[in-house]
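K.L.:
what would the 3D arrangement of this be:
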Amino acid sequence: MADQSNIQSAASKSIRPFKSSEEYLYAMKEDLAEWLKTLYDLDVTADTFMDALETGCALCRHANNVNRAAQEFQLEYPEAAKSMKVPSKDVVFQSRNVIPGSFLARDNVSNFITWCRQELWIKDVLMFETNDLVERCNEKNFILCLLEVARRGSKFGMLAPMLIQLEEEIEEEIRDQESLRAEGVQPAEESSPSRCYSRKESCQSVEDEEEPDPEPYVWPQKRVLCDMRNLDELVREILGQCSCPAQFPMIKVSEGKYKVGDSSALIFIREIH
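P.N.:
Residues are numbered from 1 along each chain as shown. The predicted structure follows:
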């Protein structure tokens, strides 16, 4: 997942892929920046994303908040917590007068990394090193790691970035469909053929989760999804702009779900930002 090819593969799941992995990473930074701003009223944007986090203070503060949420979840849902990896050890960090690039900043970032490895057991392929953030050696790994931290936190009921919320929504829809099929019930479908497919601001992301989905601890959520009626209008508008010599039909299966060409795979379309 940390490889260039995997970033491009994830991007290609959009109906109109981003032109480069850099554009895709920028979109992820936008989403993460909005998430941090909502959680902590942090002054951060996609353009200042790395600068706002390079001292490690906000990262360590978030790690300790994940611990609090995990402990509250464990008390509220002890049975569900038994099957999950629950972090508990707080991160010790310096929060005042930390100069970017200084020893204190590096120590904060290093302590956050240790917490990710030892408390969340995040895999090495999703991890980053201190210099990846402090000296901008590898922004990609840092962003992917932070997304994974957000994904783990959402299991304990914490607010998740919009991309993670969409993942969970898609997984829930897929589970519902599989459950209906297992019961011998065919999911309802509605057809609406179109000429071709193209959509820039869409998201399709389905992650395999090792832990079962527990009943979530409820935190205040800021969930802003698209209006499906407007989504259909946007899809039709983009379809009308297609000038491809060979056009693939798009069939609307249900709200936000489409099939393209002869493929049986579902494409989930959501408008973000």
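K.L.:
show me where the stretch 51-200 of the chain has its helices.
P.N.:
Applying DSSP state H, counting those that start in this stretch to the stretch 51-200 of the chain gives helices spanning 57-76, 78-81, 103-118, 130-134, 139-154, 162-182.
K.L.:
make sure residue 250 is actually in contact with residue 258.
P.N.:
Yes. At 5.3 Å, residue 250 counts as touching residue 258 under the criterion of C-beta atoms under 8 Å. In short, each C-beta sits where N, CA and C put it, glycine included.
K.L.:
neighbour-wise, which of the two wins?
P.N.:
Ranked by neighbour count (other C-beta atoms under 10 Å), residue 250 and residue 258 place residue 250 first, with 23 against 20.
K.L.:
what mean pLDDT does stretch 117-131 get?
P.N.:
What stretch 117-131 shows for mean pLDDT is 96.
K.L.:
could I get the buried residue list for that stretch?
P.N.:
Buried residues in stretch 117-131, defined by neighbour count with 16 or more other C-beta atoms under 10 Å: 119-120, 122, 126-128, 130.
K.L.:
got the helices of the stretch 51-200 of the chain as CSV, with distance to residue 243 columns?
P.N.:
Formatted as CSV, the helices of the stretch 51-200 of the chain follow (distance: least, C-beta to C-beta, whole Å):
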stretch, distance to residue 243
helix 57-76, 46
helix 78-81, 52
helix 103-118, 47
helix 130-134, 42
helix 139-154, 34
helix 162-182, 29
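K.L.:
out of those helices, deepest packed?
P.N.:
Most buried of these by mean neighbour count (mean count of other C-beta atoms under 10 Å) is helix 139-154; its value is a mean of 22.
K.L.:
just checking, what packs against that helix?
P.N.:
Other helices and strands packing on helix 139-154, by 3 or more C-beta pairs under 8 Å, 6 or more residues apart in numbering; DSSP states H and E, are helix 21-40, helix 57-76, helix 130-134, helix 162-182.
K.L.:
now the ones you listed as CSV including distance to residue 89?
P.N.:
Formatted as CSV, these follow (distance: least, C-beta to C-beta, whole Å):
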stretch, distance to residue 89
helix 21-40, 21
helix 57-76, 7
helix 130-134, 19
helix 162-182, 24
